[in-house]
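S.K.: sequence unknown, structure follows:
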């Protein structure tokens, strides 16, 4: 797994720097305003050359540690398949959001973003593979910094729901059921 982590991080690093070089020599490296509001500060895509490789390396490290926690090979394989499925799912959500926003299908982009927020309340979207897939999918369209920030907010919402709200709801449910008996 370590070797794949290094190769993937290297691939992402080379890809983002090639994208930045291409942007630099064609129209210049763009900047994106926060929340697409010109009144707010803008963030240059050039920061993605640092942010994306570091984020990729860290999130792949987290994934590797989670996989290595399992001692049985069959459980590791099943976990790896689930992680790859989650990564692809998050990437497809990110691509759908990016393409719909880019081509000004605002109703689709609003629906997809709200769906992500609702899913964050239910499922463990705080996991590294969801975050990584989401950020990688949006990087070409919006640079790496804004998707990292937006994905971080979604991760925080999901973690708060899954570690705070869900246990509290189940605890209250158990107390209510105990009083019913």
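M.R.: In hand now; what should we look at? All values derive from a computational prediction rather than experimental measurement. Numbers count the residues shown, from 1 in each chain.
S.K.: if I look at the most centrally placed residue in the chain, how far off is residue 85?
M.R.: The centre of the chain sits closest to residue 131, judged by CA atoms, centre = their mean, with a distance of 2.0 Å. Using CB to CB, to the nearest Å, residue 131 is found at 15 Å from residue 85. To be clear about C-beta, it is placed using only N, CA and C from the backbone, and glycine gets the same treatment.
S.K.: What is the least confident helix or strand in the protein?
M.R.: For the chain, using mean pLDDT, DSSP states H and E, the weakest element among its helices and strands is helix 166-180, scoring a mean of 79.
S.K.: how about the helices in this protein?
M.R.: Secondary structure of the chain (DSSP state H): helices located at 2-26, 48-68, 73-102, 106-122, 128-142, 145-160, 166-180.
S.K.: most neighbours per residue, which of those helices?
M.R.: helix 128-142 (a mean of 24; mean count of other CB atoms under 10 Å).
S.K.: report the angle between the axes of that helix and helix 145-160?
M.R.: 150 degrees (axes from the mean of the first three to the mean of the last three CA atoms, to 10 degrees).
S.K.: tell me which strands and helices helix 128-142 is in contact with?
M.R.: helix 2-26, helix 48-68, helix 73-102, helix 145-160 (3 or more CB pairs under 8 Å, 6 or more residues apart in numbering; DSSP states H and E).
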